[in-house]
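Asker: only geometry, no sequence info:
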Ligand SMILES: Cc1ncc(C[n+]2csc(CCOP(=O)(O)OP(=O)(O)O)c2C)c(N)n1
Ligand SMILES: Cc1ncc(C[n+]2csc(CCOP(=O)(O)OP(=O)(O)O)c2C)c(N)n1
Ligand code: SF4
Ligand code: SF4
Ligand SMILES: [Mg+2]
Ligand SMILES: [Mg+2]
């Protein structure tokens, strides 16, 4: 008699494939891979119902290393392919992985429409501010002045802010973390997973070969406390080693500014409280940049709205209720017909 | 002896071609065409240095009706084609015209990157919240529930807000007007023209055949005073027939709200003042929607940043200064060479 | 409930004709498409065979009275088999000057022109570009002109219902329909019923339309028409018994895809982006939700193709559709489906190119793109639809091949076929042979690229299946495991396998038959797609004249039927008429080294039977 | 300033060889590419003819010691004309076990294998998948093995400079280079100078590298090497006098485009999106700013093509480039350039497909896409590059045709050509015949689509020109005015004109010559693109054996040279070797009804001379 024994709890390692991981030694992608595998273990995610879809790029190699279903598609199209997967089978947990070129350059439009439609995907953008796989050309997120093979005298175009982009196009879940924040990252990813609808997570990732240290101005030991603020819904926007600094809204100039609690009469009560349901606040947080302001990490925005695939399938049920399950013979005879004896 | 006589001042009519205008009778595009021709006349724009580039759609037929240089390209690609025109010859005044499908659906990515690069184009989006030319399918800006040939039971996806999109991707000039505002429109277009860098103007346009009345909830005679606010830099955000209403920033909730001057102690001093240099404020204004809030029209945001094409050509001059004007023979000999006798 | 009153006129003194071609032409607002479909339905019920072609303007809604705002509907109906909507018009109904000036050239010498003189105002004449009123000078002397003030007569006929003049004039088309019904001795009841149903909520509008219909009919009855217009009779055609409906190419493809999916036991995920003339397929399928059909209007064609591929990966039937420019955009994604060997149906409603071209005009110029238009060695099957009804069988076949061979399949229709209609004997879908897909579920020895020995197809696994988790992608895959492989020998092996898989389909499709004529002889006329009708009729006529010519019409463009080379070798000459610059011709010459000659027409319009007869005659006289 | 010290060894006892093939293989970090280019330069200066091929890993920077992290550089140099980088290796330099295991198969029987035994640690052996150390068992008995602990010797050699062990080991490649210099009796001075220049700012690094170079050389001098390794001599080849440089396909195309633009008197606007192996062209042109070259890294390939078209519309030369998948994405936009008749150069660096395929491997499988891969009847000229240096002339020709005929032109290179290099006699660009563009400025009778009688090209107008304001677009244009036209006859006329314009270019290009052999005979081997070298050498060898075989290599794929049909008709057999499944073959068979046979290799690797010889022999024996 063959009894289906319940699978015992999976560990992070169980989500790893037998494939040799082929990123450059020291690449931030390794840490993210670990973070994602830990997240799935903590979520007790069922590998058979989990799909990783990616485009092309170093980041996009990701699915080959996950012991789940995986589809390494073509450059820039992963949000569209993933949308098809989710529409066809809403039961699946669909994760989308790609780089800043993949999802914001060639794939920007698909990312935008997946977000605005609010289809239930977890979209992870590995932002290393460079084209890694093609050997180091600048990307739409590269800082002005980036010298690269295609911009030998330095890039001249303003980078796009991934988070502001996601908020501007109507994304309902916008969060940020970093490859090196091994505790923070899984927490953010779990929020993204539990959010119904499109979740957008920008993960700062160090490309050690072509853009090393792109984020050290806010991730390095010395500066991280003062240059990062980890936002949490309902909590005051405090940061700094002793959480002695905070953000307040300057009402006349309508922008956030940094104050120090205790200094010239500022009390903790004056500190703005994070409201992840407020898109305008999220926008202000997303705009903050060192050195004058810290980089906001965590869930910047989390609204709730019906998800696309649910609504689509609801209409199918509605139509089936209204017209009865489709009868093809009836359909062929719909409209005016005539009979020849 | 043939003397070149200076061209006398051109009128709006001088900017019209001999081509029969072929929009549906009553289409909002006629009014916009008139508005643009008036604008060029007021600007005394030189037709020979003016280029209109468009994609495909009803709106995109625009160039055929302008007695300037014109390029009716392919669906969605007009911002990219126009970028090439401007890069090749920065002397030209380049206008880009298209519909919501052309520029936000298939062309969303090109619009985004033209805006973020800040290349000096005037991008006019005729937003009728529908696909006109292809006979009425819903578009990414259509309201939820829009019944169309492709959504017989009503559309289910959240529309994108053109202005929030433009702000989110880093657009440096974001404005709004409407087909029927024949005074307002040219003023906004002139601001767009004078702005150095990418200017984005969303023009609400009525498609009388497939989406008639899409905007009447804020454009109709009865409601327009209470449902529109015309913002001006440095001026208090007042609206209403007697300008008796205004916007104030609710500091705790960090959102704008409508108040009435005179009522429960509100004075004009309390009314927020429009600062077109503040992206966060622009975002809040762009988010406002009837019936609770008025629609914000005018220049929501106008920052200044170096333009892309200027920086590109500056590098060319810089390189020419540094290395001298290119000598092809020298170039062929660059690197290690050897001679065979 | 209004009724048809006037008794039908006895048929004695009607002139019997074997077939007739009538075109209703008027302003976009005049309801010509409705008028045409009503006349079509009535002809069908009267037992005629028929073919129709609607021709609407490129502009959305051009200003009234302009030439580019003219909308027309043509029907060819007869007592014999009807192959095309007709080369020339026996009767043109022109509701205004613009309709007359743009359509007159198609009228037979001495053909009948019925014009609404009431619409020939100075303003309308000017808009159409007439200096003088053609109804009044003798510029129409080559035709049998019947000028009637239909506008006035309609207004009078509906007076009693107290409609505004504007509203009243809306029934003008019914007045004209009534007259033509009389002219061909047709019963009005079907249209009366239809009007009552359509305007159920507005009974007076229904009544007015019916009154106009009757008035037009009565006018024919009573008015002293020129003797030779005493009325015609078109007897029923010999038509196989069964239940019929009219069907357009769009409808047949939509129904075929749905039937195919049911035979394969799959749900459809249809992903598309609107484009003329392909959009109507999206519209059709969007109304089939109760069949579990998911339709997705993507942000662009690339996303549509990509989403369809994702949907196939997830275990439904991914379908995408577009026209030439949109198909071009999909090609990179289609390459991914070829590489990952996933089923996908791609429907291309061809239109005149290159680039935007003439969106509302028909052409067959995407065959090169379908067969050759991808990067890399990327073979995929290509099928074509020959008549409005043929789309049903072709779509079913496309689904069968795509799912059985794990490959994208391209289906080529065109702007003519998708809009044209013909009577269709409604088949019994349950009678069709099933080809239910069996998804792989057995972990035993599973590898994603182990091929079926017969078909060379790889297994299809639904994500969600236990123990079959695997990864696929566009980078070259190791022969069985599907892991990334840069091994030279493996790439050769996989390239050969992909080619062999598609080539092997030739053994799973019917041998090519001779559509009309004998296997071998002096001349074979080889066609594909919507040229079927005119070629068949032309060959038929030439054979009646005793010429040695046969018609071979292809459904399978790639791979070609396995016997085609031998078959064609049996003819002295091979002529390939195409609405392009010779694209199938290239494939035939390459594959069979047969000096096929092209007959190419690239005007945005279908071949005329006459054009083909002339060309065939020329070849035969060589 | 360090200097080369050891006196060169007298050449007496060196064994003279006509040519030799050496491959340096090591870890990505071992600097094999530098080593190879240095050896190449020195061989060139020594007067040898040569051909090289670098082969770097697909992965960005694979972990050290792994097989997929191996980087190699191969050079074939000789006293005779060198056509390819060589089928088999005379000498393999393997810097670690992974390099040995992945490259050994290419070494001639009894060939020389020089290995750094110091790198054959257990760890590295394991990574490479060796159970036992191949240097220690007799698994290499089929070769002449020279195992030297280069690592230790290098560290010793640079001791004096007090570098860390890690830094010291970086000079390992120079030690190996020194040894091979000794083996072929080469002077070190050029490399010494190069090192001094490269490390100007770090003199001790320069000194260390030079010390290693000298140490490796000295080792050869002094160490008692096996007798048969006493050293070789490769005499200078007969090479036409002139100043030479080495050049890769990327460099030649970049320089050709620039020269072409100057001859046309235009500025370049180069718009692209990175993709392997096309990106290097973007990188090259980005460094030519002082020539007024604008380079634009667009958001994707479609935007790149669209921007290039806009740039051509604005009066500069728009150029775009990519590889197969990216070219597929550009096709819709290229159709717009065809429709609006604007000049555009499209460079396609082909790679193995379909889909993502094998990005770092070479293939010729985009010919179908280039010739046929668009919607509508959309002909465009297609040129191909045959050798690394050939890109210069081809690019110039592409600019000439694009601007003279107002048409997009496709240039096909491939992953082999863009990276391979050969010596190039530097031409005098000012000597080249000019083809300056004359923009239309005269308003008199101007219409945007009035065609030049000879070329059928329409006028090119720069926006900004007074009184010539006009509109163009992708919807079919009226024959002269360019206004939108749906007129059937006009569409036919325009379609014919577009076809005739491109076909007419055949009269403006050279007749096809016989690359090697006679016009007519038993067998013609017809090639295109990077198969030039192996085909030419193979045919050469076969002819030396007295066989009746000729080589015909095409530069012009579309339109084909006007005499090609007659030329090919002169041979009993036509064999078409291609790195695809038979794409040129289709074009030839269709155009000339000649039963051309394919010889197809789709492994991502170039043909070997031996493979071609075998195939040719087989054909001749038939
Ligand atoms: C259609 C197409 N265009 C271009 C490429 C080449 N390409 C592959 S990955 C990539 C960008 C890589 O950058 P990113 O997306 O940021 O990923 P990363 O490598 O940095 O993780 C490009 C341009 C491609 N494979 N396909
Ligand atoms: C590549 C491509 N895809 C699709 C189309 C069909 N098409 C033409 S215009 C259009 C959208 C029209 O809507 P919009 O851009 O909002 O312009 P409008 O007509 O509403 O002014 C579409 C889908 C096309 N011409 N080309
Ligand atoms: S190139 Fe950069 S991003 Fe890519 S694997 Fe290497 S380190 Fe990581
Ligand atoms: S369809 Fe709508 S947008 Fe297009 S022309 Fe008609 S009214 Fe205007
Ligand atoms: Mg990146
Ligand atoms: Mg629109």
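Answerer: Yep, that arrived. In this text the structure is predicted, and so the values were computed from the model without any measurement. Numbering: from 1, shown residues only, chains lettered A, B, ... in the order given. Ligands and ions are numbered 1, 2, ... in the order given.

Asker: what about the helices in the stretch 151-300 of chain A?
Answerer: For the stretch 151-300 of chain A, the helices defined by DSSP state H, counting those that start in this stretch cover A:162-168, A:184-194, A:216-219, A:221-227, A:279-287.

Asker: Quick one: name the residues of chain A near ligand 3.
Answerer: A:23-24, A:27, A:29, A:58, A:128, A:132, A:207-210 (CB under 6 Å from any ligand atom). No exception for glycine: its C-beta is placed from N, CA and C like everyone else's.

Asker: Need the nearest residue in space to the residue in the stretch 51-200 of chain A positioned nearest to chain B, chain neighbours excluded.
Answerer: Nearest to chain B in the stretch 51-200 of chain A, going by CB to the nearest CB, is residue A:168, at a distance of 1.3 Å. Leaving aside its chain neighbours, residue A:168 sits nearest to residue B:168 (1.3 Å; criterion: CB to CB, 6 or more residues apart in numbering or on different chains).

Asker: count of neighbours near that neighbour?
Answerer: When counting by other CB atoms under 10 Å in any protein chain shown, one arrives at 30 neighbours for residue B:168.

Asker: Just confirm it contacts residue A:167, I think it does.
Answerer: Yes - look at residue B:168 against residue A:167 with CB atoms under 8 Å: they come within range, at 5.7 Å.

Asker: Quickly list what's touching both of these two.
Answerer: Common neighbours of residue B:168 and residue A:167, counting by CB atoms under 8 Å, 6 or more residues apart in numbering or on different chains, are residue A:283.

Asker: circling back: mind listing what the residue of the stretch 51-200 of chain A closest to chain B touches?
Answerer: A:283, B:164-169, B:283 are the contacts of residue A:168 under CB under 8 Å, 6+ apart.

Asker: Please apply the same query to residue A:149.
Answerer: Neighbours of residue A:149 in contact, by CB under 8 Å, 6+ apart: A:135-137, D:279, D:282-283, D:286.

Asker: And residue C:113, by the same measure?
Answerer: Residue C:113 makes contact with C:91-92, C:94, C:100, C:104, C:107, C:140, C:143-146 under the criterion CB under 8 Å, 6+ apart.

Asker: Quick check: residues of chain A near ligand 5?
Answerer: By the criterion of CB under 5 Å from the ion, the positions of chain A lying close to ligand 5 are A:99-100, A:128.

Asker: Give me the subset of these that lies in helices.
Answerer: residue A:100 (DSSP state H).

Asker: And the residues of chain A next to ligand 5, which of them are buried?
Answerer: Among the residues of chain A next to ligand 5, the ones that count as buried by 16 or more other CB atoms under 10 Å in any protein chain shown are A:99-100, A:128.

Asker: Dead centre of chain A: give me the residue that sits there.
Answerer: Using CA atoms, centre = their mean, the residue of chain A that lies closest to the mean C-alpha position is residue A:201, 2.1 Å off.

Asker: That residue reaches residue A:171, doesn't it?
Answerer: No - look at residue A:201 against residue A:171 with CB under 8 Å: they stay out of range, at 10.5 Å.

Asker: Run a quick neighbour tally on residue A:11.
Answerer: Counted with other CB under 10 Å, residue A:11 comes out at 11.

Asker: Could you check how far the nearest residue to it once chain neighbours are set aside is from chain C?
Answerer: Excluding the flanking residues, the one nearest residue A:11 by CB to CB, 6+ apart is residue A:41, at 5.5 Å. Distance of residue A:41 to chain C, given as CB to the nearest CB, to the nearest Å: 16 Å.

Asker: next structured bit after the helix or strand hosting residue A:41?
Answerer: Applying DSSP states H and E as the criterion places residue A:41 in helix A:28-43. Going down the chain from helix A:28-43, the next helix or strand is strand A:50-54, by DSSP H and E.

Asker: Return the residues of chain C in contact with chain B.
Answerer: C:59-64, C:66, C:68, C:273-276, C:279, C:282-283, C:286-287, C:289, C:295, C:297, C:299-301, C:325, C:355-356 (CB under 8 Å from any CB of the partner chain).

Asker: Please read the previous query as pertaining to the stretch 201-341 of chain A.
Answerer: Counting by CB under 8 Å from any CB, the stretch 201-341 of chain A comes close to chain B at A:249, A:251, A:253-255, A:272, A:275, A:278-281, A:283-284, A:287, A:305-306, A:308, A:311-312, A:315, A:318-319.

Asker: If any of those residues are buried, give me the ChimeraX selection for them.
Answerer: Buried members of these can be picked out in ChimeraX with the line below, counting by 16+ other CB under 10 Å:
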select /A:249,254,255,272,275,278,279,280,281,283,284,287,308,311,312,315,319
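
Asker: Noted, bye for now.
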